[in-house]
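S.K.: prediction below, plus the sequence it came from.
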Amino acid sequence: MNNLVIFGGCGFIGINYANKNLHNFDKIFLVDLNKPKNLFLINKFNKLIKSTKVFFISGDIRNDLINLDINNISLIVDFAAIHREPGHREEEYFNTNVVGSNNICNFAKNRNCSNIIFTSSISVYGSGDHKKNEDTKPIPDTPYGKSKLQSENNYIKWLENDKKNRILTICRPGVVFGPGERGNVTRLVKIVKKKLFFFMGNKDLYKSGIYIDELINALIWVNTKQKDKEFNNFVLFNGSFNPCPKLDDYVMAIQETLNIKNKIFGIPKKIILRFINLTSFITKNLRSDSSLNFIRLKKLFRSNNVEPNFLIKKKYNFKFNLINSMKEWKQINKNDWF
């Protein structure tokens, strides 16, 4: 038997990874706390389940996984994570991401699975305008980034315990978007369409990102090359467009896809930060949780200039750029755009 286990299998990336691999495995097990919640992913999930090759198992990576009734596993993929920031207490990132990765390593060892794929995050690098690649020293500056880096180290320890026989693929993706994503890029699409968007400070901020299909293609391509011994048994690579786009590039790509053109104005960063700090101070003194929204607004000023050097050097064939990914997304799921 040739079985695939996807932790976080009912999330945005997990559902798409399962769909792409439907004919590559005898059985696919989607392990997650809950089934998908948005309509687009629900429909994809239901089609997968009807295939009779895909199975949903309710599971929590924060708990011991040894009793999961899954055997003959040839590949484990870890997409499970708490990633919304802010929105969780600091310890929650570590309880899920770090403890969870350790439990998955123990599960893999118990089931004699020698191949793991883990999606980390560009957050391990910290923010900043300077270019970062896979050789850049990670200096995470958020609880989420720190928890992801610790999770990477858990998987590296698992690999080193039997380096001759094990394979580990770690990907650090930027923001992942596409049909059914319902995240930051979807929100950007909505406000650009309504002509409510304005640049908060610098429109030239770098925002590393990748289209969902490109991420899945790259994960499969790298791991296959490792199994075929064309690549080392340990690969760490960044998942991002080449070159890294700026915020203005996203806005222009959305406008082109929607066939709209309007001048977008900006508000100086100093004015916005003064407003954020003042309002945050007021809500804090009123003991309101609204300050979380202002922390999220400050994230808009973080620049993430991350390059996928490994994929470039290995001559990976990038299929998508911002323009064609936006247009394909709109064609596949118009509801995200209207």
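M.R.: Yep, it's here. Numbers count the residues shown, from 1 in each chain.
S.K.: run a quick neighbour tally on Ile191.
M.R.: If you count neighbours by other C-beta atoms under 10 Å, Ile191 ends up with 13. All C-beta atoms are positioned from the backbone trio N, CA, C, and that covers glycine.
S.K.: which residue is the nearest non-sequential neighbour of it?
M.R.: Phe197 (4.6 Å; C-beta to C-beta, 6 or more residues apart in numbering).
S.K.: over to Ile170?
M.R.: Using C-beta to C-beta, 6+ apart, the closest residue to Ile170 is Leu236 (4.5 Å).
S.K.: for the one you found, helix, strand, or coil?
M.R.: strand (DSSP: H, G, I helix; E, B strand; the rest coil).
S.K.: show me what contacts it?
M.R.: 134, 152, 170-172, 310 (C-beta atoms under 8 Å, 6 or more residues apart in numbering).
S.K.: show me what contacts the residue nearest to Ile191?
M.R.: By C-beta under 8 Å, 6+ apart, the neighbours of Phe197 are 188, 191, 251, 264.
S.K.: how about the secondary structure of it?
M.R.: Phe197 - assigned by three-state DSSP - is coil.
S.K.: which element is Ile13 on?
M.R.: helix 12-20 (DSSP states H and E).
S.K.: now tell me what touches the following helix or strand past that helix from outside.
M.R.: Once helix 12-20 ends, the next helix or strand along the chain (criterion: DSSP H and E) is strand 27-32. Applying C-beta under 8 Å, 6+ apart, the contact partners of strand 27-32 are 1, 3-11, 14-15, 18, 21-22, 45, 48, 53-59, 61, 68, 70, 80.
S.K.: taking the residues you listed, please make a ChimeraX selection of just the buried ones.
M.R.: ChimeraX command restricting these to the buried ones, with burial defined by 16 or more other C-beta atoms under 10 Å:
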select :3,4,5,6,7,8,9,10,11,14,15,18,21,45,48,53,54,55,56,59,61,68,70,80
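S.K.: picking that back up, and the angle from the helix holding Ile13 to strand 27-32?
M.R.: Inter-element angle recorded for helix 12-20 and strand 27-32: 170 degrees (by axes from the mean of the first three to the mean of the last three C-alpha atoms, to 10 degrees).
S.K.: oh, and call the first residue 15 from now on, that's how I've got it
M.R.: In the new numbering, first residue 15, that becomes helix 26-34.
S.K.: now for helix 26-34, which elements pack on it?
M.R.: strand 17-21, strand 41-46, helix 53-64, helix 226-241 (3 or more C-beta pairs under 8 Å, 6 or more residues apart in numbering; DSSP states H and E).
S.K.: let's go with 10 Å and repeat that
M.R.: With contacts taken as 3 or more C-beta pairs under 10 Å, 6 or more residues apart in numbering; DSSP states H and E, helix 26-34 sits against strand 17-21, strand 41-46, helix 53-64, strand 68-72, strand 87-92, strand 129-133, strand 189-191, helix 226-241.
S.K.: dump the third one to CSV, restricted to CA.
M.R.: These are the backbone C-alpha positions of helix 53-64, laid out as CSV (Å, rounded to 0.1, in the frame of the first residue of the first chain):
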residue,chain,number,x,y,z
LEU,A,53,-18.5,26.6,0.5
PHE,A,54,-15.8,26.3,-2.2
LEU,A,55,-13.6,24.0,0.0
ILE,A,56,-16.6,22.1,1.2
ASN,A,57,-17.4,21.2,-2.4
LYS,A,58,-13.9,20.1,-3.2
PHE,A,59,-13.8,18.1,0.1
ASN,A,60,-17.1,16.3,-0.8
LYS,A,61,-15.7,15.4,-4.3
LEU,A,62,-12.6,14.0,-2.7
ILE,A,63,-14.5,11.9,-0.2
LYS,A,64,-16.8,10.5,-3.0
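S.K.: got the buried residues for it?
M.R.: For helix 53-64, by 16+ other C-beta under 10 Å, it's 54-55, 58-59, 62.
S.K.: using CSV, lay out these together with distance to Arg125.
M.R.: Below are the buried residues of helix 53-64 laid out as CSV (distance: C-beta to C-beta, whole Å):
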residue, distance to Arg125
Phe54, 32
Leu55, 27
Lys58, 27
Phe59, 24
Leu62, 22
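S.K.: what segments of the protein are helices?
M.R.: 26-34, 53-64, 104-107, 113-124, 157-174, 198-207, 226-241, 261-272, 283-299, 305-312, 323-327, 336-346 (DSSP state H).
S.K.: just name the most buried of those helices.
M.R.: A comparison of the helices of the chain by mean neighbour count, using mean count of other C-beta atoms under 10 Å, puts helix 26-34 on top with a mean of 22.
S.K.: that one relative to strand 129-133, how many degrees between them?
M.R.: 140 degrees.
S.K.: about what we covered before: mind checking how far the residue nearest to Ile184 is from Trp343?
M.R.: 28 Å (C-beta to C-beta, to the nearest Å).
S.K.: between the helix holding Ile27 and strand 17-21, how big is the angle?
M.R.: Using the same axes, to 10 degrees, helix 26-34 lies at 170 degrees relative to strand 17-21.
S.K.: list the contacts for Pro152?
M.R.: Residues counted as contacts of Pro152 (C-beta atoms under 10 Å, 6 or more residues apart in numbering) are 134, 136-140, 146, 159-160, 162-163, 166, 186.
S.K.: cool, thanks, signing off.
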